[in-house]
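Colleague: missing the sequence, but the structure's below:
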């Protein structure tokens, strides 16, 4: 049983997965938002035996919520209905910045960073959640 982390973007959904002990997060895939993303997420939920989903919740730097947060709330409700799993909204401020920094330190080209940034942001979201559990 694992926990899935998601970074919801306008065009893609970055996916990360915990290890079976729920200690570390690993990048899995970037799914294009084409209306079929729920089918791909369903496949991953079954394959990895997901028991909980953590969805990035985009707050403004001052803590307020904007339009992107509302879209994440709607997506969260859709996930709960579709999979009957608990879905936690997790503050994702600076997750993309952190992911970008790691990829820059790895000396990846701009084109390669663009392909993986969303799943790395999902790793930051999920790892933050896992660390907060104090296990």
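Modeller: Great, that's in hand. Worth saying up front: this structure is predicted, and the values here are computed from it rather than measured.
Colleague: Point to the helix or strand of the protein where mean pLDDT is at its lowest.
Modeller: Taking mean pLDDT, DSSP states H and E as the measure, the helix or strand of the chain with the lowest value is helix 95-105, at a mean of 58.
Colleague: thinking residue 9 is in contact with residue 37, fair?
Modeller: No - contact criterion CB atoms under 8 Å: residue 9 and residue 37 do not qualify, at 10.8 Å. Every C-beta, even on glycine, is put in place using the N, C-alpha and C of the backbone.
Colleague: Between these two, which contacts overlap?
Modeller: Common contacts of residue 9 and residue 37 (CB atoms under 8 Å, 6 or more residues apart in numbering): none found.
Colleague: Quick one: the helices in the chain, in order.
Modeller: Assigned helices in the chain, in chain order: 37-47, 67-83, 95-105, 110-132 (criterion: DSSP state H).
Colleague: Out of these, name the one with the poorest average pLDDT.
Modeller: When these are ranked by mean pLDDT, helix 95-105 comes last with a mean of 58.
Colleague: Could you give the backbone dihedrals for residue 85?
Modeller: Phi and psi for residue 85, reported as degrees, to the nearest 10, are phi -120, psi 150.
Colleague: gap between stretch 128-135 and the chain center?
Modeller: Once both centres are worked out by CA atoms, centre = their mean, to the nearest Å, stretch 128-135 turns out to sit 15 Å from its chain's centre.
Colleague: That should have said stretch 76-87, apologies.
Modeller: 14 Å.
Colleague: ok, and what's touching that stretch?
Modeller: The list of residues contacting stretch 76-87 from outside it, by CB under 8 Å, 6+ apart, reads 38, 41-42, 45, 50-55, 89.
Colleague: which among those end up buried?
Modeller: 38, 41, 45, 50, 52-55, 89 (16 or more other CB atoms under 10 Å).
Colleague: Which one of those is nearest to residue 71?
Modeller: Nearest to residue 71 out of the buried ones among the contacts of stretch 76-87 is residue 55 (CB to CB; 10.6 Å).
Colleague: That closest one bridge partners, please.
Modeller: residue 6, residue 89 (DSSP bridges).
Colleague: Go through stretch 56-67 and flag the buried ones.
Modeller: By neighbour count on 16+ other CB under 10 Å, the buried set for stretch 56-67 is 56-59.
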